[in-house]
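# heads up, no residue letters with this:
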């Protein structure tokens with residue numbers, strides 16, 4: 001996915017604070033719900049047996065404990081508060097599928113809503129969580145957000161503790177736990193309720209977000225396995241899409257989006273981001289996520305898609321495919337130019353290399369190619385200079401971003417990850433994804449180029465002696481892409 005990080009503001013949920021009913025009880029029901037008859041209420045609170053959840057030990061539990069220790073060491077003597085977040089409203093009384101705040105998932109493994117990690121000044125940690133309400137509560141049968149009869153049973157405090165390997169307390173005790181004069185940092189924006197419990201301090205809180213992000217830069221062996229799995233499932237999703245090409249041509253971009261999503265849900269947790277399916281001229285729109293256009297033989301289609309696996313690590317892969325199964329001579333020439341630029345970028349990846357080295361190498365290749373096409377208004381050297389960059393009219397975006405639990409991972413790490421002086425280290429995972437985009441209304445390019453967009457993207461692990469392409473299961477060279485499509489069409 002092209003390098004553009006957008007962080008939307010968290011939307012407060014109607015249940016961010018308990019809803020008080022007419023009888024004084026607080027069960028989180030919606031304001032428009034009618035008061036239930038006492039006979040029904042009483043009847044619904046009896047005669048229910050126990051229902052246990054079989055939660056296995058989470059594979060990240062031991063890793064998460066070590067991660068919390070490193071975070072506590074960075075802020076010794078302080079309290080750190082990291083919420084998982086709450087449900088976000090999609091429309092009226094329906095919510096988006098819940099996905100925990102990334103830092104919370106990294107330091108706990110927890111994927112339930114309304115939980116809050118608190119690391120105390122002495123380094124001890126507890127997870128404050130909202131368990132499933134008992135059948136003696138109206139929440140059990142009335143609450144459409146949390147009630148067991150509506151959305152299924154939430155894990156108990158004990159079940160969560162045993163699975164995650166951390167002490168778990170009821171979230172009702174959070175407010176008291178955060179009282180006092182202890183220096184406290186909060187990861188802001190995930191929960192309006194938690195944000196309101198501790199007075200904000202911009203510098204304190206920003207440092208917590210930065211360090212929590214920086215600690216995620218270097219992936220351990222388990223994380224690399226997760227990212228490899230996400231890439232492998234993503235490759236299967238690309239194969240699914242090509243195997244159903246007749247329907248893609250019949251129904252258009254929507255069909256490819258839906259086909260890929262089926263694989264993401266069946267073998268992973270979800271999409272890592274909204275799929276980009278850009279047929280023809282839509283490929284020139286960097287984040288084309290409407291996916292409403294046709295798939296027309298003779299044109300190309302840009303597919304930028306990634307699966308988020310069940311432990312929330314995501315792939316991010318792009319291929320630009322010939323819809324007819326073979327590239328035209330012009331399409332192949334342009335595609336090969338982008339491929340050569342990508343390979344030049346990948347070849348720079350190694351420990352100690354600059355984060356921007358892949359970008360600079362790829363842009364040098366593209367600038368020379370654009371000059372060969374007669375498009376640059378100045379010399380290649382001048383176009384590549386920082387005070388000119390006229391070549392970027394047709395390349396637009398950066399070539400790399402970090403990858404992990406987020407598709408644009410470690411975004412709060414700032415200069416440590418994305419700065420001009422930042423360097424790569426063993427265990428970093430980044431994308432390399434140059435592109436060329438000739439808008440259909442660009443009067444400065446020949447007519448035969450207008451409406452062509454090409455991007456090639458792979459997920460690259462920095463190894464001790466260079467790199468490993470985690471997404472190499474999908475072919476890149478034009479002839480290999482054509483042969484691969486021929487096997488699956």
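Sure, I can see it. Just so it is clear, the model here is predicted, and its values are computed rather than measured. Residues are numbered from 1 along each chain as shown.

# Tell me who's in contact with residue 292.
Counting by Cβ atoms under 8 Å, 6 or more residues apart in numbering, residue 292 touches 252, 253, 254. Where you see a C-beta, it was placed from the backbone N, CA and C, and this is true even at glycine.

# actually residue 173, sorry about that
Contacts of residue 173 (Cβ under 8 Å, 6+ apart): residue 128.

# Just the buried ones out of the contacts of residue 292, please.
Buried residues within the contacts of residue 292, counting neighbours by 16 or more other Cβ atoms under 10 Å: 252, 253.

# just the contacts of residue 292 now: which is nearest residue 320?
Of all these, residue 320 sits closest to residue 253, with 13.9 Å by Cβ to Cβ.

# Next, the contact list for that closest one, please.
Contacts here follow Cβ under 8 Å, 6+ apart; on that basis residue 253 touches 277, 278, 279, 282, 291, 292, 293, 294, 295, 301.

# Could you measure from residue 260 over to residue 410?
With the distance defined as Cβ to Cβ, to the nearest Å, residue 260 ends up 26 Å from residue 410.

# Who has more neighbours out of the two?
The neighbour count for residue 260 versus residue 410, taken as other Cβ atoms under 10 Å, is higher for residue 410 (26 against 23).

# hang on, the earlier thing: any idea which of the contacts of residue 253 has the most stuff around it?
For these, the largest number of neighbours (other Cβ under 10 Å) sits with residue 277, at 30 neighbours.

# Which of the three states applies to that one?
Recorded secondary structure, residue 277: strand (DSSP: H, G, I helix; E, B strand; the rest coil).

# residues contacting it?
Contact analysis of residue 277 by Cβ under 8 Å, 6+ apart lists 253, 254, 256, 257, 288, 291, 301, 302, 303, 305.

# and it, what are its bridge partners?
Counting by DSSP bridges, residue 277 is bridged to residue 303.

# Over to residue 320?
Taking DSSP bridges, one obtains residue 302 as the residues bridged to residue 320.

# Now for it, how many residues are close by?
Applying the criterion other Cβ under 10 Å, we find 27 residues in the vicinity of residue 320.

# Could you do the one 4 residues further on as well?
By the criterion of other Cβ under 10 Å, residue 324 has 18 neighbours.

# Same question for residue 172.
Residue 172: 10 surrounding residues under other Cβ under 10 Å.

# can I assume it sits in a strand?
No - counting by three-state DSSP, residue 172 is located in no strand; its state is helix.

# what's the distance between it and residue 128?
According to Cβ to Cβ, residue 172 stands 8 Å off from residue 128.

# what do those two both touch?
If you check residue 172 and residue 128 against Cβ under 8 Å, 6+ apart, no residue is contacted by both.

# Pull out the buried positions in stretch 431-441.
The neighbour-count check on stretch 431-441 (16+ other Cβ under 10 Å) flags 431, 432, 433, 434, 435, 436, 437, 438, 439 as buried.

# and it, how far apart are its ends?
For stretch 431-441, the first-to-last residue distance is 29 Å (Cα to Cα, to the nearest Å).

# same check, this time on stretch 395-411
Using Cα to Cα, the end-to-end distance of stretch 395-411 comes to 22 Å.

# State the mean pLDDT of that stretch.
Mean per-residue pLDDT for stretch 395-411: 97.

# now stretch 432-446
98.

# just how off-centre is it within its chain?
Relative to its chain's centre, stretch 432-446 lies at 27 Å (Cα atoms, centre = their mean, to the nearest Å).

# what about it, how long is it end to end?
Stretch 432-446 has its terminal residues 28 Å apart, counting by Cα to Cα.

# now swap in stretch 349-366 and tell me
From its first residue to its last, stretch 349-366 covers 18 Å (Cα to Cα).

# what residues does it touch?
For stretch 349-366, contacts defined as Cβ under 8 Å, 6+ apart pick out 337-338, 340-342, 344-348, 384, 391-392, 394-395, 398-400, 417-426, 430, 432, 434, 436, 460, 462, 464-467.

# What subset of those is buried?
Burial by neighbour count, judged by 16+ other Cβ under 10 Å, picks out 337-338, 340-342, 344-348, 384, 391, 394-395, 398-400, 417-418, 422, 424, 430, 432, 434, 436, 460, 462, 466-467 from the contacts of stretch 349-366.

# quick one on the thing from earlier: taking the contacts of residue 277 one by one, which sit in helices?
Of the contacts of residue 277, the ones assigned to helices by DSSP state H are 253, 254, 256, 257.

# For the residue lying closest to residue 439 once chain neighbours are set aside, list the residues it contacts.
Leaving aside its sequence neighbours, residue 439 sits nearest to residue 284 (Cβ to Cβ, 6 or more residues apart in numbering; 5.2 Å). Counting by Cβ under 8 Å, 6+ apart, residue 284 makes contact with 278, 437, 438, 439, 440, 451, 452, 453.

# any idea which helix or strand of this protein has the worst average confidence?
Using mean pLDDT, DSSP states H and E, the weakest-scoring helix or strand in the chain turns out to be helix 415-418, at a mean of 90.

# ok, now which ones touch residue 259?
Contacts of residue 259 (Cβ under 8 Å, 6+ apart): 237, 240, 241, 244, 247, 248.

# what's the closest non-adjacent residue to residue 187?
Distances taken as Cβ to Cβ, 6+ apart put residue 82 closest to residue 187, at 4.6 Å, once the chain neighbours are dropped.

# I meant to write residue 120 there.
By the measure of Cβ to Cβ, 6+ apart, the closest residue to residue 120 outside its immediate chain neighbours is residue 79, 5.8 Å from it.

# Kindly report the same for residue 132.
Closest residue to residue 132 apart from its sequence neighbours, by Cβ to Cβ, 6+ apart: residue 154 at 3.8 Å.

# Likewise for residue 281?
residue 451 (3.8 Å).

# Hmm, the one you found is touching residue 445, no?
No - shown here, residue 451 and residue 445 do not form a contact pair, counting by Cβ atoms under 8 Å, at 10.0 Å.

# nearest to residue 98, of the ones in helices among the contacts of residue 277?
Using Cβ to Cβ, residue 257 comes nearest to residue 98 of the ones in helices among the contacts of residue 277, at 21.9 Å.

# Let me know the distance separating the closest one from residue 298.
Distance, residue 257 to residue 298, by Cβ to Cβ: 21 Å.

# what does residue 351 give?
The gap separating residue 351 from residue 298 is 44 Å, by Cβ to Cβ.

# the more surrounded of those two?
Summary of the neighbour comparison: residue 351 and residue 298, criterion other Cβ under 10 Å, with residue 351 having more neighbours (16 against 10).

# Could you tell me whether the more buried one really is in a strand?
No - using three-state DSSP, the secondary structure at residue 351 is coil, not a strand.
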